[in-house]
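Student: sharing a sequence plus its predicted fold:
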Amino acid sequence: MTFINQLANPTRFMALSSGLLPWIAGLSGILFIVGFYGAFFSAPADYQQGETIRIMYIHVPAAWLAMFFYSLMTISAIGALVWRHPLAEVAQKAAAPIGASFALICLLTGALWGRPMWGTYWVWDARLTSMLVLLLIYLAIMALWRTIDEPTQAGRAVSILTLVGFINIPIIKFSVDWWNTLHQPASVFRMNGPTIHPSMLWPLLVCAVAFSLFAVALHLVAMRTEIMRRRIRTLTILAADRAEQPGATPGMMARGPAE
Amino acid sequence: MTALGPHAFFIIGSYLATFAVIAALTIWIIADNRARKRELARLDHRQHGADRP
Amino acid sequence: MSAFFALVKRDLALALRIGGGASFALVFFLMIVTLTPFAIGPDLNLLARIAPAILWIGAVLATLIGLDRLFQADAEDGTLDLIKASPLPLEGVVLAKCLAHWLTTGLPLALAAPLFGLLLAMEPAGMAAASASLLVGTPALTFIGAVGAALTAGIRRGGVLIAIMALPLMIPVLIFGVATCNAATGGTVPFATPFAILCALTLIFAVIGVIGAAAGLRQSD
């Protein structure tokens, strides 16, 4: 708990994240090379899907990360609402565009995979449809972030929306599955069978870790940006206040008032 | 890459699409980071200037 | 309890006097039902097949009409602060306002659905099912919308934002609403299955919507 408390202090976070960032980004780069080598040269083509199975190595990690970042936003939302923690708000705001991007990647690669496999770019398949709805929820959250100017108020409003969305995701998943089986029985193509051969599994796992590390690096940079944005906001407001009252002592608030 | 078969377009296309989305996201995040860093430096500089008349 | 009904009565009176109340939503609903045949052609067989979808899309869009003013009007003129100070808990306030909204939006739509179903060549069983599904399902739409309305109460351009936030969450209600109508006129599923799930959805969203909207109103000050 003390570690989390220390980490949660924005100044500590800035110091720690700047030290960690190059390592995370570098490790992610190495794993990308290993993973893509495995995906293209070591893993065999699938006996059913042929070479298109190589799309799986980006499609599946993207789907996984789209869900991971929503979970991260939900945990941060609880942190922001219950403990009123500013860093939780920052983490939440920085996560939204990244999660939305991975949902988009999942949809794009799914469409490009679907064309040779299903004969059409888009099928109202239960998984693709659920991912589309997740992207819509991401977009709604980003829209709400943009609309409310005051960061703390925006953080709380978005936290409530994130939590309501989180409760809804299983309901939406259930509804879409039900709707899907009602409309196209049994013709649904199963994307990954019950078993996956180890020669395909290890490149998939390496790619997943590489994408995750890269996403975490992006998230850290975006969080640092957001902390700076808030500091700038505080400094600007203080400067405006001081300009209004020339008699105030400027030395008192000259340094580090952001925390 | 010669062995990608008849669906090479879709495989390469999906990798290119992924690269495009991630590149756009990365460039946007880093550009935003740089801009805020500059702005903060400018504000700090101005405040220190105000401290020493 | 008297505060609760006083609030419902006040909102109903306001809606009926100023906003045009029930008539606005109904006219909008009629417009959508009228426009669709112009878009897809006057083929009665096709219209009958997609009639539940048209009615439900119309209901979803018509629900959005009054939502942006659900809390915003009271937040602007300060009434909301007075209501917050009343002995009624905020959850009760939200429930009262949702009830008033539903009485002037969802209920008229459900009652008018058989009439509009005539325009779309629906069978009598289909009309009854459409009416029943709207009666049971539209409260859920109001409750979901209330969360969006509470979060944007202090924002001037909240209208489109509410639609963006609420519509993805309304998908389950839409799915089971249309499925209920279709089940009544044939199909593989017995009528009771989607209808029971629709009832369950309304109950779930009543809880989520009331708690979420009350939390949304609390954070705005």
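Tutor: Yep, that arrived. Source: prediction; values computed, not measured. Numbering: from 1, shown residues only, chains lettered A, B, ... in the order given.
Student: dihedrals phi and psi, residue A:50?
Tutor: The phi/psi pair for residue A:50 (degrees, to the nearest 10) reads phi 70, psi -140.
Student: pLDDT on the one helix or strand residue A:143 maps to, on average?
Tutor: Per DSSP states H and E: residue A:143 is located in helix A:126-147. In this model, helix A:126-147 has a mean pLDDT of 91.
Student: what's the following helix or strand after that helix?
Tutor: Tracing the chain past helix A:126-147, the next element assigned as helix or strand by DSSP H and E is helix A:151-183.
Student: helices or strands next to that next one in the packing?
Tutor: helix A:56-82, helix A:86-118, helix A:126-147, helix C:124-151, helix C:159-184, helix C:192-219 (3 or more C-beta pairs under 8 Å, 6 or more residues apart in numbering or on different chains; DSSP states H and E). For every residue, glycine as well, the C-beta is placed using N, CA and C.
Student: rebuild the ones you listed as a markdown table, extending it with mean neighbour count and distance to chain B.
Tutor: Formatted as a markdown table, the helices and strands packed on helix A:151-183 follow (neighbours: other C-beta atoms under 10 Å in any protein chain shown; distance: least, C-beta to the nearest C-beta, whole Å):
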| stretch | mean neighbour count | distance to chain B |
| --- | --- | --- |
| helix A:56-82 | 22 | 5 |
| helix A:86-118 | 23 | 4 |
| helix A:126-147 | 20 | 12 |
| helix C:124-151 | 25 | 25 |
| helix C:159-184 | 24 | 21 |
| helix C:192-219 | 20 | 26 |
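Student: quick one: which helix or strand includes residue 19?
Tutor: Since no chain was named, I'll use chain A. Going by DSSP H and E, residue A:19 is in helix A:10-37.
Student: not quite, I wanted chain B
Tutor: helix B:8-51.
Student: and what of residue A:225?
Tutor: Here residue A:225 is assigned to helix A:198-244, by DSSP H and E.
Student: what helices or strands is that helix leaning on?
Tutor: Here helix A:198-244 touches helix A:10-37, helix A:56-82, helix A:86-118, helix B:8-51, going by 3+ C-beta pairs under 8 Å, 6+ apart.
Student: measure residue A:75 to residue A:106 for me?
Tutor: Relative to residue A:106, residue A:75 is positioned 21 Å away (C-beta to C-beta, to the nearest Å).
Student: what's the angle between the helix holding residue A:225 and helix A:56-82?
Tutor: Between helix A:198-244 and helix A:56-82, the angle formed by their directions is 40 degrees, by axes from the mean of the first three to the mean of the last three C-alpha atoms, to 10 degrees.
Student: residue closest to the middle of chain B?
Tutor: Centroid-nearest residue in chain B, with C-alpha atoms, centre = their mean: residue B:27, separated by 1.5 Å.
Student: and the gap between the nearest residue to residue A:81 once chain neighbours are set aside and chain B?
Tutor: Residue nearest to residue A:81 in three dimensions, not counting chain neighbours: residue A:159, with 4.8 Å by C-beta to C-beta, 6 or more residues apart in numbering or on different chains. Here residue A:159 is placed at a distance of 22 Å from chain B (C-beta to the nearest C-beta, to the nearest Å).
Student: go on, residue A:36?
Tutor: In terms of C-beta to the nearest C-beta, residue A:36 sits 9 Å off from chain B.
Student: what's near enough to touch that residue?
Tutor: Shown in contact with residue A:36 (C-beta atoms under 8 Å, 6 or more residues apart in numbering or on different chains): A:57, A:203, A:207.
Student: buried ones in the helix holding residue A:19?
Tutor: Neighbour-count burial for helix A:10-37 flags A:10, A:13, A:17, A:24, A:25, A:28, A:31, A:32, A:34, A:35, A:36 (criterion: 16 or more other C-beta atoms under 10 Å in any protein chain shown).
Student: now those residues in CSV, with distance to residue A:175?
Tutor: Shown next, in CSV, are the buried residues of helix A:10-37 (distance: C-beta to C-beta, whole Å):
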residue, distance to residue A:175
A:10, 40
A:13, 39
A:17, 39
A:24, 38
A:25, 40
A:28, 36
A:31, 37
A:32, 37
A:34, 40
A:35, 35
A:36, 37
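Student: please name the residues that touch residue A:78.
Tutor: A:88, A:159, A:163.
Student: go on, residue A:68?
Tutor: A:99, A:212, A:215.
Student: the same query, at a cut-off of 10 Å, please.
Tutor: Neighbour list for residue A:68: A:61, A:95, A:98, A:99, A:102, A:212, A:215, A:216 [criterion: C-beta atoms under 10 Å, 6 or more residues apart in numbering or on different chains].
Student: how close does the fifth one sit to residue A:215?
Tutor: Taking C-beta to C-beta as the measure, residue A:102 falls 7 Å from residue A:215.
Student: now list whatever residues contact both of the two.
Tutor: Listed contacts common to residue A:102 and residue A:215 are A:61, A:62, A:65, A:66, A:68, A:69, B:22, B:25; contacts here mean C-beta under 10 Å, 6+ apart.
Student: quick check, nearest of the residues you listed to chain C?
Tutor: Using C-beta to the nearest C-beta, residue A:66 is the member of those that sits closest to chain C, with 14.5 Å.
Student: tell me the contacts of residue 203?
Tutor: Just going to use chain A. By C-beta under 10 Å, 6+ apart, residue A:203 lies in contact with A:34-43, A:54, A:56-57.
Student: I was thinking of chain C, sorry if that wasn't clear
Tutor: Contact partners of residue C:203, counting by C-beta under 10 Å, 6+ apart, are C:139, C:140, C:143.
Student: can you lay out the buried residues of helix A:10-37 as a markdown table showing pLDDT and distance to residue C:81?
Tutor: What follows is these, written out as a markdown table (pLDDT from 0 to 100; distance: C-beta to C-beta, whole Å):
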| residue | pLDDT | distance to residue C:81 |
| --- | --- | --- |
| A:10 | 79 | 33 |
| A:13 | 84 | 37 |
| A:17 | 86 | 41 |
| A:24 | 91 | 48 |
| A:25 | 91 | 50 |
| A:28 | 91 | 51 |
| A:31 | 91 | 55 |
| A:32 | 90 | 55 |
| A:34 | 88 | 60 |
| A:35 | 87 | 57 |
| A:36 | 86 | 59 |
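Student: closest to chain C among those?
Tutor: Closest approach between those and chain C, by C-beta to the nearest C-beta: residue A:10, at 21.6 Å.
Student: do I have it right that the closest one meets residue A:87?
Tutor: Yes. In this structure, residue A:10 is within contact of residue A:87 by C-beta atoms under 10 Å, at 6.0 Å.
Student: now do the shared contacts for these two.
Tutor: Going by C-beta under 10 Å, 6+ apart, residues that sit against residue A:10 and also against residue A:87 are A:223, A:226, A:227.
Student: quick one: the second one and residue A:97 touch, right?
Tutor: No. In this structure, residue A:226 sits apart from residue A:97 without contact. The criterion is C-beta under 10 Å, and the distance is 11.1 Å.
Student: for the spatially most distant residue from the centre of chain C, give its distance to residue C:16.
Tutor: Checked against the mean C-alpha position of chain C, the extreme residue using C-alpha atoms, centre = their mean is residue C:43, at a distance of 29.0 Å. Noted for residue C:43: a distance of 39 Å to residue C:16, by C-beta to C-beta.
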